[in-house]
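Enquirer: below is the structure, and that's it, no one-letter string:
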């Protein structure tokens with residue numbers, strides 16, 4: 001029987017996941033701070049920025065949407081961009097369903113809100129075959145507890161202190177560096193490198209498109225490449241090679 005969410009923290013796997021996530025979450029903190037400042041600097045009110053950080057909880061789609069909001073892009077472009085940026089979570093969910101499909105739907109929906117890239121990578125390193133076991137849910141909650149906190153605290157700090165941060169600090173470049181650091185932690189096998197290279201080439205090739213739609217093109221290319229490689233090697237889970 002599955003433990004209640006409140007009882008998960010007493011499990012040894014909760015502590016293990018929390019410690020592992022602490023060791024790799026420095027980039028998440030920097031990214032959260034940059035995103036918080038960027039939301040206010042782009043013209044959003046503090047209240048709206050706080051709601052976006054707490055309700056959306058998706059840094060990449062937040063950063064992708066900000067220039068579109070600032071430029072007055074149509075709502076459908078915002079929705080399409082956020083949808084494409086978050087398509088990777090469909091792949092994550094398919095994998096996690098193997099481990100968590102037996103849980104109540106309400107709990108799985110809650111887990112979906114907290115799901116994040118680094119948690120997915122860490123989870124597959126810990127449980128590469130995804131066979132259901134009692135240790136998996138405590139490990140999941142231990143990782144997301146640290147990941148959510150290390151994102152939200154700096155992000156909220158960035159929102160509240162944005163008016164005191166000079167624009168000449170070059171926070172946009174700091175955000176790029178933070179994203180590159182996170183990206184490198186996820187490039188743990190040949191398939192990930194190929195997919196990232198295809199996405200980069202697509203983004204450069206479509207750079208001339210208006211409303212930053214080259215980002216959407218790059219995401220579509222990456223998802224297509226990832227699905228094609230998954231069909232080519234259906235027996236290999238992402239992260240398996242990096243854990244060997």
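Expert: Right, received. Where do you want to start? Just so we're clear, the structure is a prediction, and the values are computed from it rather than from any experiment. Numbers count the residues shown, from 1 in each chain.
Enquirer: domain ranges for the chain?
Expert: Using automatic domain parsing, the domain parsing of the chain gives 10-186, 188-244.
Enquirer: so for the last one, mean pLDDT?
Expert: Pointing back at domain 188-244 there. The average pLDDT for domain 188-244 rounds to 74.
Enquirer: starting at the chain centroid, how far to that domain?
Expert: 15 Å (C-alpha atoms, centre = their mean, to the nearest Å).
Enquirer: what of stretch 18-32?
Expert: For stretch 18-32, the distance to the chain centre is 12 Å (C-alpha atoms, centre = their mean).
Enquirer: now do the buried residues in it.
Expert: The neighbour-count check on stretch 18-32 (16 or more other C-beta atoms under 10 Å) flags 18, 20, 21, 24, 25, 27, 28, 29, 30, 31, 32 as buried. Heads up, the C-betas are built off the backbone N, CA and C, glycines and all.
Enquirer: and if you look at stretch 205-225?
Expert: Applying 16+ other C-beta under 10 Å to stretch 205-225 flags 206, 211-219, 221-223, 225 as buried.
Enquirer: of the residues you listed, which pair is most distant in space?
Expert: The most widely separated members of these, counting by C-beta to C-beta, are 211 and 225 (23.3 Å).
Enquirer: returning to that earlier point: would you turn the domains of the chain into TSV with distance to residue 4?
Expert: Shown next, in TSV, are these (distance: least, C-beta to C-beta, whole Å):
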stretch	distance to residue 4
domain 10-186	10
domain 188-244	29
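Enquirer: how many other residues sit next to residue 93?
Expert: The number of residues packed near residue 93 is 15, by other C-beta atoms under 10 Å.
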